[in-house]
Structures are given as structure tokens and as C-alpha cells.
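*Asks:* Provided below are the primary sequence and the corresponding predicted coordinates.
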Amino acid sequence: MSHISYSEFTTFLSCPYRHKIQYIDRVRPTSIHLIFGSAVHEYCERFLLGNDTLVTLPELFDLYYEEREMEPFQPILKKDIEQILQQGAKFLPEFKQNFSEMFPNYKIIATEKEIYKKLVDKINFKGYIDAIVKVEDIYHIIDFKTCYSGWNQYRKSDIKALLQNAFYKYFSDYNFESTQTHYILLKRVAPAKQRVEKFTVDSSNIIEKGIQQLTKTARMIQKGCTIKKRSSCLRPFRCQFLKTKFCR
């Protein structure tokens, strides 16, 4: 292996065998939520660059659906597509209206910024930062997250979930002390004026152990660890490969 990403890291921690299926065997069925999330990410990035009027969210959804690597295990129904696009049509105007309030007088530094930095030995960390803006002397690393109705307190305190932006901050080109990290939660089902939330994370108290775990995980992958973690078959959600030809 030449690199490891945050999603690869969390997949391996959840189940090394699931990691094998997705990242070694490259079995990656799509889903309506993956397609929707990709379309929303691109729309938000286009907005920050001033290009959002050139394409609509439904057009981006259709584009990502056509470019899918693999068919979904569960068929994507037309009524479900219409419903999720209607939900997006509600939170995107709030996002566009609220962004300048969340980051007053911001300056765009980058969108979809690639990170490819050495982690250990011949293994690099690879990732893409959704957006980086600067307000006065502070850099803000931003990750967009589409979700159902927001993150509960358990999710907001889940170190594994928070390490994504912590890794981006650690491996970025900016001074650690003058950089802040945020998740912008885009809620599909939430009351009006509550559909967009900025959740700021203090990375300083989790990054050291996070890098240690990332390094340990990369080395275990390199050694070929592919054990099945049966406790993860149904938690925190049912594994999409469970009882398929890929995992009996």
C-alpha cells in the first residue's frame, strides 16, 4: 500500500475484512446517500467559488449516478430520489445564506484540497479537504456532512468521527495553532432555520493518540490483516456485505 485515507482508517477499525472487500477487492456498491452526498459537496464547493448557478443539485445527482463504479445492492427508487432532492432544496438556501454569518468576511483559500503527506515508512496519508477559508489570521478547515437530522451528543463526542478534520489539520500546510476545524452539518430533516449547523472541533486533545492509531492501522493493513470482526456486522449499522456472496 502507498497511502491510507481517513475513510480507509475507519473502515479497518470497524472490520478488517470489510476493509479488504472495499479497498483490496474494490467492491464498492453505491447508494442514494453516497450519490446525494457527493452532489451536495460539489454544489457547496461551487457556491464558494461562485459557480453554483451553472448547475443544479438534480443535475449533479444525475451526473454522479451515471459515474457510479458499481450498482447498489438495493435499487434506488425514483420516489426516494425525488424526496432526498426536495430535502436538499430546503437546506441549501440556508447554507448559502448562513455561510457568511458563520465565517464573516471570509477569503476562499481552496476547495477540494488534496493532502498527500508522509505518515510512516513508505505510507502516506491521503485526503481531500472540502474547503479552506481564512478569516483575519485564522485558517478554517471545513468538512461538509449531509445527515438526517443532525448529530446527537454521542456522535459529537465520538473521537473516531472527529479525527477526520484533526488529521486534515495535522497534515495541512498551516500552523496548527492558527487553524480551526469545523463540520458543517446539512440536515435533510430539520425545522426551518435549523437545517445548517457549524460544529467546531478542538483537535489538540485528540490528535496525538489519533496519529498513533492511524500509524498502527496502516502497519496492520500492510501486514495483510483481514480478520472478520463479527461484533461490527450489525453495529452501529447493518453491514451492507453481510449475508452476500462477499461475506457469509
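*Replies:* Ah, there it is.

*Asks:* any weak-confidence spans in this structure?
*Replies:* Within the chain, no range satisfies pLDDT under 70.

*Asks:* which residue ranges form the helices in it?
*Replies:* Assigned by DSSP state H, the chain shows helices spanning 6-14, 16-19, 32-49, 57-66, 78-102, 153-156, 159-171, 207-222.

*Asks:* Out of those, flag the one nearest E136.
*Replies:* Closest to E136 of the helices of the chain is helix 78-102 (C-beta to C-beta; 14.4 Å). For the C-beta atoms, the positions are set from N, CA and C on the backbone; glycine is no exception.

*Asks:* how much space between the residue nearest the centre of the chain and F125?
*Replies:* For the chain, the residue nearest the mean C-alpha position is K145 (6.3 Å; C-alpha atoms, centre = their mean). Per C-beta to C-beta, to the nearest Å, K145 is found 20 Å from F125.

*Asks:* Look up how far N175 lies from the residue nearest to the centre of the chain.
*Replies:* For K145, the distance to N175 - C-beta to C-beta - is 25 Å.

*Asks:* circling back: any chance of the helices of the chain in JSON lines, plus distance to K229 and mean neighbour count?
*Replies:* Converted to JSON lines, these look like this (distance: least, C-beta to C-beta, whole Å; neighbours: other C-beta atoms under 10 Å):
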{"stretch": "helix 6-14", "distance to K229": "7", "mean neighbour count": "19"}
{"stretch": "helix 16-19", "distance to K229": "7", "mean neighbour count": "22"}
{"stretch": "helix 32-49", "distance to K229": "22", "mean neighbour count": "20"}
{"stretch": "helix 57-66", "distance to K229": "30", "mean neighbour count": "16"}
{"stretch": "helix 78-102", "distance to K229": "30", "mean neighbour count": "15"}
{"stretch": "helix 153-156", "distance to K229": "20", "mean neighbour count": "11"}
{"stretch": "helix 159-171", "distance to K229": "14", "mean neighbour count": "20"}
{"stretch": "helix 207-222", "distance to K229": "12", "mean neighbour count": "16"}
